[in-house]
Structures are given as structure tokens and as C-alpha cells.
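Undergrad: Can you look at this prediction? I've put the sequence above it.
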Amino acid sequence: MERGGVGTSAGFLALDDQSLAEGLSALRWRLDDLLEGGPTLVVDVSGLSRFSSVTLAALLFAQRRCRARGAQVILRRPTARCSELLARIGMLDVFTVQSPIQP
């Protein structure tokens, strides 16, 4: 799980399948820490082979926190499979999605 700033007003987190093995509480802790850094949280999800319910729960947690402050969560580079899942469950209207990966 890579962390770092993107400019001065956004937090950045790169997720992959291995980093999610730490569980929901570890992911929420990292997201919570990054949310203190600025109005926008960019989460690169290109390293995820699928969106689990745990992943989605953590991202929704971050989105609720951001929205309460007038900010947003941006999902960067989801795979086509992940984008299709987000569309099927109505989450494309909840998150801003940048540059989906083409198959």
C-alpha cells in the first residue's frame, strides 16, 4: 500500500490485493489518517483484481467522511471488471472515477 501526497490538497493511497490482507480496520486507519491531509483523497485501485465488500465498506467510510467536509474520494484506474461491478451496484454515482483501465 503506497501512500503519499498528490500536490498539497490531496491524499493518495494505492491499493492492491496484498495490502487488503491486513483487513478492514487497518485500511480504515490508513484512510482516516490520509483524510486529515486535504479535501480530496485519490485511491489508485488499479492493483485490485476485484472489489470485495471489505474494500467497498472502507471506501464508503472514506467517502462519507469526505462528503461531510465538502470533499471527495476519487477512484483512479479501476479495472474494467471493477468498473462494471461499481456500475451494477450503483456506486459510479457515489465516487468520482478517473481513467478506467481498458481490457
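TA: Great, that's in hand. The structure displayed is predicted, hence computed values, not measured ones.
Undergrad: Surely Arg30 is within a helix?
TA: Yes: according to DSSP: H, G, I helix; E, B strand; the rest coil, Arg30 belongs to a helix.
Undergrad: which stretches of the protein have low pLDDT?
TA: Low-confidence segments of the chain (pLDDT under 70): 1-9, 37, 100-103.
Undergrad: Go ahead and flag the most central residue of it.
TA: Geometric centre of the chain, nearest residue: Val43, 3.8 Å, by Cα atoms, centre = their mean.
Undergrad: what's near enough to touch it?
TA: Val43 is in contact with Phe12, Leu13, Ala14, Leu15, Leu59, Ala62, Val73, Ile74, Leu75, Arg76, counting by Cβ atoms under 8 Å, 6 or more residues apart in numbering. No exception for glycine: its C-beta is placed from N, CA and C like everyone else's.
Undergrad: name the element the fourth one belongs to?
TA: Going back to what we said before, that points to Leu15. strand 10-16 (DSSP states H and E).
Undergrad: Please identify the pairing partners of that strand and their relative orientation?
TA: If you go by DSSP bridges, strand 10-16 pairs up with strand 2-6 (antiparallel), strand 40-47 (parallel).
Undergrad: next SSE after the last one?
TA: Towards the C-terminus, the helix or strand next in line after strand 40-47, according to DSSP H and E, is helix 53-68.
Undergrad: Could you list the paired strands of the helix or strand just after that following helix along with their orientation?
TA: The helix or strand immediately downstream of helix 53-68 is strand 72-76, counting by DSSP H and E. Its sheet considered, strand 72-76 pairs with strand 40-47 (parallel), strand 96-98 (parallel) by DSSP bridges.
Undergrad: got the buried residues for the last one?
TA: By that I understand strand 96-98. For strand 96-98, burial by neighbour count (16 or more other Cβ atoms under 10 Å) applies to Val97.
Undergrad: who's in contact with Cys66?
TA: With contact taken as Cβ under 8 Å, 6+ apart, Cys66 is in contact with Leu35, Pro39, Thr40, Leu41, Gln72, Val73.
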